[in-house]
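S.K.: here is the input, now give the coordinates:
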Amino acid sequence: MPHRQYLCPECGTLAGVRILYGYPGDKVIKQAERLEVHLGGCCDVIGAPDRHCTECGHEWMSSQ
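M.R.: Numbers count the residues shown, from 1 in each chain. Prediction:
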């Protein structure tokens, strides 16, 4: 999974990462430790945010 950062609409930093839902494997846990992704919990809810800012903690839904 490629590491991409997104512009946070709250603080304006390029520190946004994807939020991943579900039970993480070892590889995903290591990515989360490196702040490459954010773990969103075991349940994916419709309308749940899919981006997380590692600087300010803001979460948002991307416009895809």
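S.K.: tell me the pLDDT at Ile46?
M.R.: The model reports Ile46 with a pLDDT of 89.
S.K.: mind checking how far it is from Leu7?
M.R.: Distance from Ile46 to Leu7, counting by C-beta to C-beta, to the nearest Å: 24 Å. All C-beta atoms are positioned from the backbone trio N, CA, C, and that covers glycine.
S.K.: same thing with Val45?
M.R.: Taken as C-beta to C-beta, the span from Val45 to Leu7 is 24 Å.
S.K.: and the two? Which one has more around it.
M.R.: Using other C-beta atoms under 10 Å as the criterion, Val45 and Leu7 rank with Leu7 on top: 12 against 9.
S.K.: nearest residue to that one in space, please, no chain neighbours.
M.R.: Sequence neighbours aside, Leu14 is the residue nearest to Leu7 in space, at 5.6 Å (criterion: C-beta to C-beta, 6 or more residues apart in numbering).
S.K.: in stretch 33-53, what counts as buried?
M.R.: 36-40, 50-53 (16 or more other C-beta atoms under 10 Å).
S.K.: could I get the residues you listed in CSV, plus columns for pLDDT and distance to Pro24?
M.R.: Shown next, in CSV, are those (pLDDT from 0 to 100; distance: C-beta to C-beta, whole Å):
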residue, pLDDT, distance to Pro24
Glu36, 95, 12
Val37, 96, 9
His38, 97, 11
Leu39, 97, 6
Gly40, 96, 10
Asp50, 96, 15
Arg51, 97, 17
His52, 97, 14
Cys53, 97, 20
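S.K.: by contact count, what packs against the longest strand seen in the chain?
M.R.: When the chain is parsed with DSSP state E, its longest strand is strand 16-20. Applying 3 or more C-beta pairs under 8 Å, 6 or more residues apart in numbering; DSSP states H and E, one finds that strand 16-20 contacts strand 37-39, strand 51-53.
S.K.: for His58, the count of nearby residues, please.
M.R.: 17.
S.K.: distance of it from Asp26?
M.R.: Distance, His58 to Asp26, by C-beta to C-beta: 28 Å.
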